[in-house]
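In: What follows is a protein structure lacking sequence information:
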């Protein structure tokens, strides 16, 4: 732990937090899973519709601007369609929980989405595929030109779309889907629900509007309202939009609050009877004052109550006189009329000594009248969008509880850790030892917490708080104080009166944290606002206490921490750890279970992988299966087949209710722009690593990631990827090396198995995705926007040809390719992803490109049977991404320069490397025993001004000077890879890219006869994050530390590294990954000296890979690579020797 003023924040991915979900959170989850599931999917459906409608609007507005391509009638139709879509978009933004659960509304939302898809497709066809002039057709006789032109067909289609739009709009009116809020203009504030409006008058309604205005919403705490520093007399009315539901529980919590009990010796709760009986009212008041203030045993109190129930008239009159001098709190339940209120007030004096009356009523008018003419409304709690509880207090709207009104009296009492707390910590450690991976974040931190209690004297006090929601700072502080003084590990709600004599728990907590060195764990922090309140009230700069915050959100974690290295991301379990946890839990639940002998059972492994590394899910399934005997494998099969349905509906999995409650909550609140991306991730197999770039480029092609004012579509896609990574919907491919928080630049990722199953169980409801795997029966119901062909599918041609591809937008093939996979009906296909597909040949490619003219994404990566790109490639005017890496293509066709929208070209042919090359590392870009050689590009490549990624290009074979001149004009490049650099062209190459200020990644491969050509050469380094120099490099180019402030990855193939090179590289401030291949006998001494002292170098390095062709000696200084986690070394020569490995204190894995 840091020594002073440090906030250590443990940030965990969203789904790991679910594993250790707090009890109070689980109880707060929806009790009906069916409702939760319906609402969650409804929110996702609306989010998808919003995204598609936004895309269609963008296309329609572009079409209106480019009027030269459309006739006037079509222009008018598009203007009408645009206007209607804007109204639909407004409705979708207003669609609330109640509407989206309505099956009629959900059907209408789906129709909007499908219509938006069709409009977008039609407009794209008009704008981008019909550019060729066909004036000659108009000169032909009518009988010859009978066939309509494509433009005529498109205009007719727009006319039909207009009719459909009109029909969808009228359908809304016909079924009253939008109703009140949808038909009104968008308002700045969030109005109270319809139930509230119906139950109140105009004046109260306007007051409530102000109370619920999002921009200035006021929240109140009933306990704080009652106990604020005031010697006067006050009336507080409590009213809920849902009647008594939740209202009485809030009042009761305040009534029984220890602080209230301490401040008010006279307490009474009276339920009014009708008609009002004054004698019974006073008698009940007298009895309760006695019972609630008496400290005698219950039996004595009971006898006293019975005597008081027989009070005479004189007794009651005497009590009325004494009441004037008493400080009391009285709750009046069920005040339903003004007459009742007036009658009661005749018998209760307005004692200006801090006394208080709380009125519970189901009518807002009564609530306001009881308080007086001038009042303010505060929201006490929101149970749902349709039900909130409000407090009416004296004052003007906008007045708040001022800080000075809170009592500052407090008494800070030093304390020591109770012996029993030590015993509890020891008991916990014995029950839940950390013996390896397989624990959730709360368990992990609990072990750390107990370890500090047992084995250190660093802290004077220890506190653990489970944050309750909605968050209340006063309740939070009270819970923390209870835990500080508790003898157990967890604070109980029951504490001795001596410990609750606190008039201001907030001030008390702040003083304890300031005056003592405390270790405090805050579990389930859910917003930055919560942290800001805690920090402002409790933490001072002089405090020596340490706070550990456990949260689901990475941005909250970074907000809490003072420094980035104090933020920790707890990862999900890897496959082996998940299997181990499962079998350990089975043995714990049933030592005789047959599962002990089924560790290699494929179906069981598949089931565990579907858990996504979430310990809570793994433990729940293990607990259920451990009980099975005869029906064990049947249960495994049925759970596999209906995984998500079983977990959601089977009562045996009730422990997962909190998890599903969180998922519902997240899908409701996540940005609409993310929802299509979440759905889309289910296209990739559960146990399959997928490249980050592949995912992002597909999002761009699908229109899920679009250009904005300040970011390109690619950059927005990277932001989306980062958000899904933070939530562990996307996870890093298995590795031991950690990355910095928010680092999304990993090469490959995987979809979380559990989240994927959750999405797959819903996606067919929206007709989005269908996949072919195993043996499929022929059915006409297989239709959708995205088709996935799995490796396991039996390639049944009859089944395939029975399917409807008219709306298909993406086709992804895993495994064997068949010629019949391309159909003439795939006219709308945007994405064709054949990465690593087997059996794809040139003839197949030529057929694809002739039929699939609307492609935006084409990946042939790994299809070694492809040798040439056909001339029809030039007809793909919409193409944005072309990935032909690891194919046999050596040349790009001349007509590629026609593809004005092309942004991304990845190429490079695999060829056999020399025997002396080292096959065990990726340096220099070795694939097994292969390296990548660049392709030749035609003249005119500078016309592709949208290009931001290009490589690998063979400069030497592509025309030398001419290609370098054109390369100079491609100033928007972010990623560039070149080969064929030699002593004849290296200076011109340096000059050509000197103005590429956006360049983030540069890969340079030298010719073998020019090993020293980079000496003295300057490269654009200021924006570089990745630099690769391959070939026999003798000397590094000019490298300036101040220009390399962003470099995180360096990949070198050199004859040797000099002492100066090692010192220079070691001083790079952000370098995380270093790969070096040496081509002769070498000594690598990672140690930099200055004035006789060793410098701290390579401070950020986490991965070091070394390859050599001869003997190698590597030494590590005592001040170098302190954060190194992974060391790889491979030497094909005589020997490799390491010295100083003991200095690598952070090393997790060494592969030598």
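Out: All right, it came through fine. The structure presented is a predicted model; accordingly, all values stated were derived computationally and were not measured. Numbers count the residues shown, from 1 in each chain.
In: And the residue lying closest to residue 516 once chain neighbours are set aside, its phi and psi?
Out: If the residues on either side of it in the chain are set aside, residue 516 comes closest to residue 460, at 4.5 Å by C-beta to C-beta, 6 or more residues apart in numbering. In short, each C-beta sits where N, CA and C put it, glycine included. Dihedral angles phi and psi of residue 460 (degrees, to the nearest 10) take the values phi -90, psi -30.
In: I'd say residue 460 and residue 519 touch.
Out: No. Checked against C-beta atoms under 8 Å, the pair residue 460 and residue 519 is beyond contact range at 9.1 Å.
In: If you count surrounding residues, which of those two has more?
Out: In this view residue 460 and residue 519 are compared by other C-beta atoms under 10 Å, and residue 519 has more residues nearby, 22 against 17.
In: Which secondary structure state is assigned to the more buried one?
Out: Under the three-state scheme (DSSP: H, G, I helix; E, B strand; the rest coil), the conformation of residue 519 reads as strand.
In: Let me see the contact set for it.
Out: 1, 449, 452, 458, 459, 461, 462, 463, 545, 546, 548 (C-beta atoms under 8 Å, 6 or more residues apart in numbering).
In: One more: residue 477?
Out: If you count contacts by C-beta under 8 Å, 6+ apart, residue 477 has them with 505, 506, 508, 509, 537, 538.
In: what helix or strand is it on?
Out: Here residue 477 is covered by helix 473-484, with elements defined by DSSP states H and E.
In: looking at this structure, which residue lies furthest from center?
Out: When each C-alpha in the chain is compared with the mean C-alpha position (C-alpha atoms, centre = their mean), residue 314 comes out farthest, at 69.5 Å.
In: give the contact list for that one.
Out: Residue 314 sits next to no residue when contact means C-beta under 8 Å, 6+ apart.
In: how close does residue 978 sit to residue 939?
Out: With distances defined as C-beta to C-beta, to the nearest Å, the gap from residue 978 to residue 939 amounts to 17 Å.
In: should've said residue 1050
Out: Taken as C-beta to C-beta, the spacing of residue 1050 relative to residue 939 amounts to 33 Å.
In: Just want to know which of the two has more residues nearby.
Out: Shown here are residue 1050 and residue 939; by other C-beta under 10 Å, residue 1050 has more neighbours (21 against 14).
In: Partner strands of the helix or strand containing the more buried one, with direction?
Out: Under the assignment given by DSSP H and E, the secondary-structure element containing residue 1050 is strand 1049-1054. Neighbouring strands of strand 1049-1054 in its sheet, by DSSP bridges, are strand 1026-1033 (parallel), strand 1073-1078 (parallel).
In: Check which residues of it are buried.
Out: Applying a neighbour-count criterion of 16 or more other C-beta atoms under 10 Å, the buried positions in strand 1049-1054 are 1049, 1050, 1051, 1052, 1053, 1054.
In: how many other residues sit next to residue 532?
Out: Using other C-beta under 10 Å, residue 532 has 12 neighbouring residues.
In: mind checking pLDDT for it?
Out: Here the pLDDT value assigned to residue 532 is 90.
In: tell me the SS of it?
Out: Looking at residue 532 with three-state DSSP, the answer is helix.
In: again, but for the one 4 residues further on
Out: In three-state terms, and counting by three-state DSSP, residue 536 is helix.
In: So in the chain, which strand runs the longest?
Out: strand 375-384 (DSSP state E).
In: Could you name the helices and strands sitting against that one?
Out: Using 3 or more C-beta pairs under 8 Å, 6 or more residues apart in numbering; DSSP states H and E, the elements in contact with strand 375-384 are helix 202-212, strand 387-394.
In: Out of those, which gets the lowest mean score?
Out: Ranked by mean pLDDT, the helices and strands packed on strand 375-384 bottom out at helix 202-212, with a mean of 45.
In: Give the next helix or strand downstream of that one.
Out: From helix 202-212 onward toward the C-terminus, using DSSP H and E, the following helix or strand is helix 222-227.
In: And the contacts of that next one?
Out: Helix 222-227 is contacted from outside by 236, 238, 250-251, 253-254, 257, 259-260, 263, 329, 356, 358, 378, 380, 391, 393, 401, 406-407, 474, 503, using C-beta under 8 Å, 6+ apart.
In: Can you tell me which of the residues you listed are buried?
Out: 236, 238, 250-251, 254, 257, 259-260, 263, 329, 356, 358, 378, 380, 391, 393, 401, 406, 474, 503.
In: Mark which of these are part of helices, please.
Out: 250, 251, 254, 259, 260, 263, 474 (DSSP state H).
In: Find the residue closest to the third one in space, skipping its chain neighbours.
Out: The one in question is residue 254. residue 222 (4.2 Å).
In: Distance of the one you found relative to residue 1046?
Out: 53 Å.
In: neighbour-wise, which of these two wins?
Out: Shown here are residue 222 and residue 1046; by other C-beta under 10 Å, residue 222 has more neighbours (24 against 15).
In: Any stretches of the stretch 401-550 of the chain with poor pLDDT?
Out: Confidence mapping of the stretch 401-550 of the chain against pLDDT under 70 gives the ranges 401-444, 447, 454, 486-503.
In: could you redo the last one with a cut-off of 80?
Out: Judged by pLDDT under 80, the stretch 401-550 of the chain has its weakly predicted residues at 401-457, 469-470, 485-503, 540-542.
In: What segments of it are helices?
Out: Residue ranges of the helices in the stretch 401-550 of the chain, as given by DSSP state H, counting those that start in this stretch, are 419-431, 441-455, 473-484, 505-515, 528-538.
In: what's the burial count for residue 319?
Out: Neighbourhood size, residue 319 [other C-beta under 10 Å]: 18.
In: Buried residues in the one helix or strand it maps to, which are they?
Out: Taking DSSP H and E as the criterion, the element that holds residue 319 is helix 313-323. Residues of helix 313-323 classed as buried: 316, 319, 323 (neighbour count, 16+ other C-beta under 10 Å).
In: quick one, what contacts the first one?
Out: In this structure, residue 316 makes contact with 279, 282, 283, 286, judged by C-beta under 8 Å, 6+ apart.
In: Quick one, which of the residues you listed are buried?
Out: The neighbour-count criterion (16+ other C-beta under 10 Å) marks 282, 283, 286 among those as buried.
In: For the first one, which non-adjacent residue is closest in space?
Out: Yep, that's residue 282 we're talking about. Computed as C-beta to C-beta, 6+ apart, the closest residue to residue 282 that is not its neighbour in sequence is residue 316, at 5.0 Å.
In: List the buried residues in stretch 996-1011.
Out: Result for stretch 996-1011 [16+ other C-beta under 10 Å]: buried residues 996, 999, 1000, 1001, 1002, 1003, 1004, 1005, 1006, 1007, 1010, 1011.
In: thinking residue 528 is in contact with residue 557, fair?
Out: No. When contacts are counted by C-beta under 8 Å, residue 528 is not listed as touching residue 557 (10.2 Å).
In: Neighbour count for the two, which is higher?
Out: residue 557 (25 against 15).
In: Confirm the more buried one sits in a helix?
Out: Yes. Assigned with three-state DSSP, residue 557 falls within a helix.
In: Helices of the stretch 651-800 of the chain, start to end?
Out: With DSSP H, counting those that start in this stretch as the criterion, the stretch 651-800 of the chain has helices spanning 657-669, 675-680, 692-702, 713-726, 753-763, 797-801.
In: of all those helices, which lies closest to residue 640?
Out: Shortest separation from residue 640 across the helices of the stretch 651-800 of the chain is recorded for helix 753-763, at 10.1 Å, computed as C-beta to C-beta.
In: quick one: buried residues of stretch 639-648?
Out: 639, 643, 644, 646, 647, 648.
In: just these: which has the poorest pLDDT?
Out: Of all the buried residues of stretch 639-648, the model is least confident about residue 648, whose pLDDT is 87.
In: domain ranges for this protein?
Out: With the TED database serving as the domain definition, the record reports that the chain contains domains spanning 32-129+150-177, 220-293+314-371, 456-487+503-570, 571-669, 677-759, 1049-1151.
In: Would you mind telling me which of the ones you listed is nearest residue 1034?
Out: The closest approach between residue 1034 and any of the domains of the chain, judged by C-beta to C-beta, belongs to domain 1049-1151 at 5.3 Å.
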